[in-house]
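Q: here is the input, now give the coordinates:
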Amino acid sequence: MFFPVVIDKSEVQHFKGLRWKKSFYKFMNERVHFDLRRAFSNLTVVADSMGSNEYMDSFIKYFDEHSEPVNLLGESSLMFEDSKGDVLIQIADFISGTLAYVYDLHKKDSNAPDYLKILASKITYVRFYPKTFEQFIHDPLGMPHEYDETIARLCHKQAAMFLDKHKEDDDEEIKAQCIVLEYLLFRMMNNHYRGYISTKELKNQLEYTGVQHMSISTFRLKIICKLRDAGVIISSSSKGYKIPSNETEIYDFINHGNQVVLPMLWRLKKCRDLVKLATNGQVDLLEHDEYKDLKAFFDLKDGIK
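A: Model (predicted):
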């Protein structure tokens with residue numbers, strides 16, 4: 001039995017952060033390793049020792065860094081074999097080449113046999129990347145914990161609408177917003193098990209695409225806040241950001257805001273109240289027109305009409 005991983009590189013190109021080999025290899029390493037680890041408690045990886053393979057080199061490094069230490073039971077091991085003398089490697093090469101005639105547009109041939117049908121009894125399942133949203137919500141093997149289809153559809157739709165609206169926009173700030181949002185959306189549908197994506201990783205995606213380095217505060221203000229202002233739903237926690245796919249993740253955003261926004265508001269209120277008290281009500285810091293919304297909020301809170 002085997003399970004193939006099929007990658008549509010033409011679709012991956014739409015996600016700017018994955019156009020670079022380092023990012024693309026890292027993403028594929030995570031996915032392949034995760035699928036294998038989920039299926040097998042005892043994992044042995046056999047790599048072809050002949051020639052040079054940049055992807056395999058990166059996978060080996062990833063495997064070493066993320067696998068459990070090898071013990072007497074052999075829970076995790078990695079070995080190299082010469083493909084000329086290893087039948088399993090030869091079979092893997094043969095199957096990969098055969099499936100290319102099914103999925104590779106450059107190799108498809110209407111006169112070729114139905115290879116997928118021939119191999120069907122030996123295929124456990126086919127993993128496609130990147131997924132469409134419909135593949136994401138109907139993938140029983142890839143459902144995140146406490147998945148809620150209504151919330152996932154809403155959050156996906158808001159993100160997709162923003163990207164569609166601004167796909168031809170030349171504004172550099174909006175371009176940066178689209179890069180970050182594309183990455184978050186890609187992770188939602190193809191890498192949801194990782195959960196929240198750190199600010200550092202999102203900023204790295206920007207820098208990979210040539211966007212000038214920006215501070216964390218600038219990133220939050222010009223990227224995350226502006227996306228939220230446009231109606232994109234982005235959850236946040238101390239671990240980073242993500243497009244939510246369940247109610248718990250929505251509450252992560254609410255709770256984070258509750259912890260940050262309310263203390264700031266009460267500090268403003270305390271300052272205003274103290275100044276009003278000290279000046280016998282002659283000076284109200286919120287009388288200026290630009291603070292009318294804050295004034296209305298605090299006056300309503302104090303029962304002042």
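Q: give the next helix or strand downstream of the longest helix out of those in the chain.
A: Secondary structure of the chain read by DSSP state H shows that its longest helix is helix 247-278. For helix 247-278, the following helix or strand on the C-terminal side (DSSP states H and E) is helix 292-301.
Q: sorry, back to before: kindly calculate the angle that the longest helix of the chain makes with helix 292-301.
A: Computed by axes from the mean of the first three to the mean of the last three C-alpha atoms, to 10 degrees, the angle separating helix 247-278 from helix 292-301 equals 90 degrees.
Q: starting at the chain centroid, how far to helix 247-278?
A: For helix 247-278, the separation from the chain centroid amounts to 30 Å (computed by C-alpha atoms, centre = their mean, to the nearest Å).
Q: and it, which residues are buried?
A: Using 16 or more other C-beta atoms under 10 Å as the test for burial, helix 247-278 gives 249-250, 252-253, 268-269, 272. For every residue, glycine as well, the C-beta is placed using N, CA and C.
Q: in CSV: the residues you listed, plus pLDDT and distance to residue 7.
A: Converted to CSV, these look like this (pLDDT from 0 to 100; distance: C-beta to C-beta, whole Å):
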residue, pLDDT, distance to residue 7
249, 87, 27
250, 87, 31
252, 85, 31
253, 81, 32
268, 91, 51
269, 90, 54
272, 90, 57
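Q: for residue 43, list each beta-bridge partner.
A: For residue 43, the beta-bridge partners are residue 76 (DSSP bridges).
Q: quick check: it touching residue 36?
A: Yes. Counting by C-beta atoms under 8 Å, residue 43 touches residue 36, with 5.7 Å between them.
Q: please parse the chain into its domains.
A: The chain breaks down by automatic domain parsing into domains covering 5-130, 149-245, 258-301.
Q: looking at the ones you listed, which is buried most?
A: Of all the domains of the chain, domain 149-245 carries the top mean neighbour count, a mean of 17, counting by mean count of other C-beta atoms under 10 Å.
Q: and the end-to-end length of that one?
A: 7 Å (C-alpha to C-alpha, to the nearest Å).
Q: quick check: mean pLDDT of it?
A: For domain 149-245, the mean per-residue pLDDT is 86.
Q: ok now that domain, how far from the chain's centre?
A: For domain 149-245, the distance to the chain centre is 9 Å (C-alpha atoms, centre = their mean).
Q: could you do stretch 82-98 as well?
A: For stretch 82-98, the distance to the chain centre is 33 Å (C-alpha atoms, centre = their mean).
Q: got the CA positions of it in CSV?
A: Output of stretch 82-98 as CSV, limited to C-alpha atoms (Å, rounded to 0.1, in the frame of the first residue of the first chain):
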residue,chain,number,x,y,z
ASP,A,82,21.5,2.5,-3.5
SER,A,83,18.4,2.5,-5.7
LYS,A,84,20.1,0.0,-8.0
GLY,A,85,19.9,-2.6,-5.3
ASP,A,86,16.8,-1.6,-3.4
VAL,A,87,13.5,-2.8,-4.8
LEU,A,88,11.3,-0.5,-2.7
ILE,A,89,13.1,2.6,-3.9
GLN,A,90,12.7,1.4,-7.5
ILE,A,91,9.0,0.8,-6.9
ALA,A,92,8.6,4.3,-5.4
ASP,A,93,10.3,5.8,-8.5
PHE,A,94,8.1,3.7,-10.8
ILE,A,95,4.9,4.7,-9.1
SER,A,96,5.8,8.4,-9.0
GLY,A,97,6.6,8.3,-12.7
THR,A,98,3.4,6.5,-13.5
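Q: for it, give the mean pLDDT please.
A: 83.
Q: and if you look at stretch 107-123?
A: Stretch 107-123 comes out at a mean pLDDT of 81.
Q: and the contacts of that stretch?
A: By C-beta atoms under 8 Å, 6 or more residues apart in numbering, the residues outside stretch 107-123 that reach it are 1-4, 95, 98-102.
Q: make sure residue 233 is indeed in a strand.
A: No. Counting by DSSP: H, G, I helix; E, B strand; the rest coil, residue 233 falls outside a strand, being coil.
Q: contacts only, for it.
A: 154-155, 158-159, 243-244, 250, 253.
Q: if we use 7 Å, what do you get?
A: Residue 233 is in contact with 155, 158, 244, counting by C-beta atoms under 7 Å, 6 or more residues apart in numbering.
Q: pretty sure residue 241 contacts residue 200?
A: No. Using C-beta atoms under 7 Å, residue 241 makes no contact with residue 200, being 11.3 Å away.
Q: that older thread, out of the buried residues of helix 247-278, flag the one nearest to residue 223.
A: Closest approach to residue 223 among the buried residues of helix 247-278 (C-beta to C-beta): residue 253, at 15.5 Å.
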